[in-house]
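**Q** Here you go, sequence then predicted model.
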Amino acid sequence: AQKITQTQPGMFVQEKEAVTLDCTYDTSDPSYGLFWYKQPSSGEMIFLIYQGSYDQQNATEGRYSLNFQKARKSANLVISASQLGDSAMYFCAMRSYNTNAGKSTFGDGTTLTVKP
Amino acid sequence: SQTIHQWPATLVQPVGSPLSLECTVEGTSNPNLYWYRQAAGRGLQLLFYSVGIGQISSEVPQNLSASRPQDRQFILSSKKLLLSDSGFYLCAWTWGLAGSGNEQFFGPGTRLTVL
């Protein structure tokens, strides 16, 4: 069974500073993908960044980067130069590639508040 | 481009009443489809998924059911709602390729309150 753990229920960051949101995972599958999504108060789920288990380099997408440490089974999201619009709930998710069902397991999320 | 629709956006239903939530995807074919439920302030719980027409897999035993009558249509139903069915219901789709790094695309969600 897969499990995602996000240990920070809430985080605060000052505008223009960087913040790291933690995510650890547990799986016995050798091939998997890790995803981060953002959920503003409107409820929509917005895809941010993806990391494959065999990717050698950490993924980056604009101000988002993923600090992937495979041996430690962690996939932390780093947001650089925080903006007020970054205030939202952030979810880490994982998908095994052993089947084509594409099921994802989600963590409980971290609520990020950016202070002006 | 692909889009995903869900309706209704909000719903208030009495306990014991039936439920039907609909999700449709445009701009793609043979997607994998998913129903999730999210309790307030919590993560997403996978309820059902489907890899093809008429193929439904249930993840959590409950009084809900799902159907996929057409390739890009996914319906979540209940014959009798419980208070515990309240929550935010999200439909999602992805391409069904094994080993794919494709993300899931989510609909706007339905906020269900059972009174």
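**A** Looks like it came in fine.
**Q** Count the neighbours of the closest residue to B:Ser1 other than its chain neighbours for me.
**A** Of all residues not flanking B:Ser1 in the chain, B:Gly27 sits nearest, at 5.6 Å (CB to CB, 6 or more residues apart in numbering or on different chains). The way it works is simple: take the backbone N, C-alpha and C, and place the C-beta from them, glycine included. Counted with other CB atoms under 10 Å in any protein chain shown, the neighbours of B:Gly27 add up to 10.
**Q** And the one 5 residues further on, by the same measure?
**A** Neighbour count for B:Asn32, taken as other CB under 10 Å: 22.
**Q** so what's it up against?
**A** By CB atoms under 8 Å, 6 or more residues apart in numbering or on different chains, the contact set of B:Asn32 is A:100-102, B:49-51, B:93-96.
**Q** Just the buried subset of the residues you listed, written out for ChimeraX, thanks.
**A** For the buried members of the contacts of B:Asn32, the matching ChimeraX selection, counting by 16 or more other CB atoms under 10 Å in any protein chain shown, is:
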select /A:101,102 /B:49,50,51,93,94,95,96
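**Q** possible to save the contacts of B:Asn32 as CSV with distance to B:Tyr34?
**A** CSV is the format used below for the contacts of B:Asn32 (distance: CB to CB, whole Å):
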residue, distance to B:Tyr34
A:Asn100, 13
A:Ala101, 9
A:Gly102, 8
B:Tyr49, 5
B:Ser50, 8
B:Val51, 10
B:Trp93, 7
B:Thr94, 8
B:Trp95, 13
B:Gly96, 11
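**Q** In terms of secondary structure, what does the strand or helix carrying A:Met94 contact?
**A** If you go by DSSP states H and E, A:Met94 is part of strand A:88-96. The elements that strand A:88-96 packs onto, with contact taken as 3 or more CB pairs under 8 Å, 6 or more residues apart in numbering or on different chains; DSSP states H and E, are strand A:3-5, strand A:32-39, strand A:74-79, strand A:104-106, strand A:110-115.
**Q** Would you check that A:Gln51 makes contact with A:Asn67?
**A** No - the criterion here is CB atoms under 8 Å, and A:Gln51 misses it with A:Asn67 at 9.4 Å.
**Q** Just to be sure, A:Asn98 is in a strand?
**A** No - A:Asn98: not assigned to a strand; according to DSSP: H, G, I helix; E, B strand; the rest coil it is coil.
**Q** Report the beta-bridge partners for A:Ser74.
**A** A:Thr24, A:Gln69 (DSSP bridges).
**Q** Please verify my assumption that it contacts A:Asn58.
**A** No - the pair A:Ser74 / A:Asn58 is not scored as a contact, 11.6 Å apart, by CB under 8 Å.
**Q** re earlier: of the contacts of B:Asn32, which is the nearest to A:Trp36?
**A** B:Thr94 (15.5 Å; CB to CB).
**Q** Find the helix or strand that the residue nearest the centre of chain B is a member of.
**A** In chain B, the centroid-proximal residue (CA atoms, centre = their mean) is B:Trp35; its distance is 2.7 Å. Assigned by DSSP H and E, B:Trp35 falls within strand B:32-38.
**Q** Pull the contacting residues for residue 85.
**A** Assuming you mean chain A. A:Val114.
**Q** nope, chain B
**A** B:19, B:62-64, B:78, B:112, B:114.
**Q** switch to 10 Å and redo it
**A** Shown in contact with B:Asp85 (CB atoms under 10 Å, 6 or more residues apart in numbering or on different chains): B:13, B:15, B:19, B:37, B:62-64, B:78, B:112-114.
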